[in-house]
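Visitor: 3D model of this:
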Amino acid sequence: MTYTGDVKTGGPADVRELPELTISKLAVGPFDNNAYLLRCNETGDGVLVDAAAEADRLLALIGDRPISAIVTTHGHRDHWQALEAVVRATGATVIAHPLDAAALPVPVDRPVEHGEEITVGTVPLEVIHLRGHTPGSITLSHPGHLFTGDSLFPGGVGNTNKDPKRFARLFTDVTERLFARFPDETWVYPGHGGDTTLGAERPSLPEWRERGW
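Guide: Residues are numbered from 1 along each chain as shown. Below is the predicted model:
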């Protein structure tokens with residue numbers, strides 16, 4: 001496998017070919033956000049995860065093949081600055097959790113809750129609600145792969161602004177809904193920076209709990 005997940009703003013996408021799905025990871029914008037284009041290998045349908053910035057580069061990544069949806073992992077501005085322009089150009093359905101929908105610059109066509117499915121062509125993606133970074137943060141799960149937005153990174157969970165209640169909520173959700181469910185080899189694609197695996201992070205869970213961030 002040549003995929004590493006190490007991308008830089010202004011640089012090329014890193015592409016990973018799975019049996020059912022092709023994942024293209026692109027870094028965009030001043031906050032080095034990751035955007036992910038997921039394409040069904042059978043139908044060619046695409047879903048964009050986080051139209052974060054640089055609409056022109058995202059549209060170039062999408063190319064001439066249509067996408068059916070854009071999923072916004074949470075309502076923070078750096079994850080949706082290109083959303084309106086990409087929706088206008090593609091006509092894609094806007095998907096987000098209802099608790100973060102009001103923060104987005106365009107109406108949410110399809111609100112999704114914990115446990116629902118989003119499909120990329122014939123490929124289902126499970127929606128996992130992880131509360132704490134924002135009220136409506138979601139992760140998308142394809143077997144062996146998690147697109148975690150800003151809820152889980154190499155080295156810790158997402159920012160909860162030193163609020164102990166928010167940290168406890170996010171740590172509990174990440175522990176119960178990700179680490180307790182999925183095996184160590186599960187790949188994690190975060191909203192910023194490099195990738196990781198659950199196995200690489202699992203030994204650090206007690207340290208994260210102790211430090212409170």
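Visitor: Leu58 against Ala27, yeah?
Guide: No - using CB atoms under 8 Å as the test, Leu58 is too far from Ala27 to be in contact (11.3 Å). Bear in mind the C-beta positions are built from the backbone N, C-alpha and C, glycine included.
Visitor: Now do the shared contacts for those two.
Guide: Common contact partners of Leu58 and Ala27 (CB atoms under 8 Å, 6 or more residues apart in numbering): Ala35.
Visitor: Near Leu21, how many other residues are there?
Guide: Neighbourhood size, Leu21 [other CB atoms under 10 Å]: 21.
Visitor: and Val57, how far is that from Val7?
Guide: Heads up, residue 57 is Arg, not Val. 11 Å (CB to CB, to the nearest Å).
Visitor: Among those two, which residue is more densely surrounded?
Guide: Between Arg57 and Val7, counted using other CB under 10 Å, Val7 has the larger neighbour count: 21 against 18.
Visitor: for the residue nearest to the more buried one when sequence neighbours are not counted, helix, strand, or coil?
Guide: Distances taken as CB to CB, 6 or more residues apart in numbering put Ala27 closest to Val7, at 4.3 Å, once the chain neighbours are dropped. In three-state terms, and counting by DSSP: H, G, I helix; E, B strand; the rest coil, Ala27 is strand.
Visitor: ok, now the one 4 residues further on?
Guide: Remark: Phe31 carries the secondary structure label coil [criterion: three-state DSSP].
Visitor: check contacts around it.
Guide: Phe31 neighbours (CB under 8 Å, 6+ apart): Ala52, Ala53, Asp78, His192.
Visitor: Now for those: which two are most distant?
Guide: The largest distance within these, taken as CB to CB, falls between Ala53 and His192 and amounts to 11.8 Å.
Visitor: Find residues that contact each of those two.
Guide: Contacts common to Ala53 and His192, judged by CB under 8 Å, 6+ apart, are Phe31, Asn33.
Visitor: more crowded one of the two?
Guide: Using other CB under 10 Å as the criterion, Ala53 and His192 rank with Ala53 on top: 23 against 17.
Visitor: What's the separation between the more buried one and Thr175?
Guide: For Ala53 relative to Thr175 (CB to CB), the value is 31 Å.
Visitor: can you check Arg16 too?
Guide: For Arg16, the distance to Thr175 - CB to CB - is 26 Å.
Visitor: When these two are compared, which one has more neighbours?
Guide: Arg16 (19 against 16).
Visitor: Surely the more buried one is within a strand?
Guide: Yes - assessed by three-state DSSP, Arg16 belongs to a strand.
Visitor: pretty sure it is touching Ile23, no?
Guide: Yes - judged on CB under 8 Å, Arg16 makes contact with Ile23 at a distance of 4.4 Å.
Visitor: Touching both of these two, which residues are there?
Guide: Counting by CB under 8 Å, 6+ apart, the residues touching both Arg16 and Ile23 are Tyr3.
Visitor: Contacts only, for the closest residue to Thr43 other than its chain neighbours.
Guide: Leaving aside its chain neighbours, Thr43 sits nearest to Gly121 (3.4 Å; criterion: CB to CB, 6+ apart). Counting by CB under 8 Å, 6+ apart, Gly121 makes contact with Arg39, Cys40, Glu42, Thr43, Gly44, Asp45.
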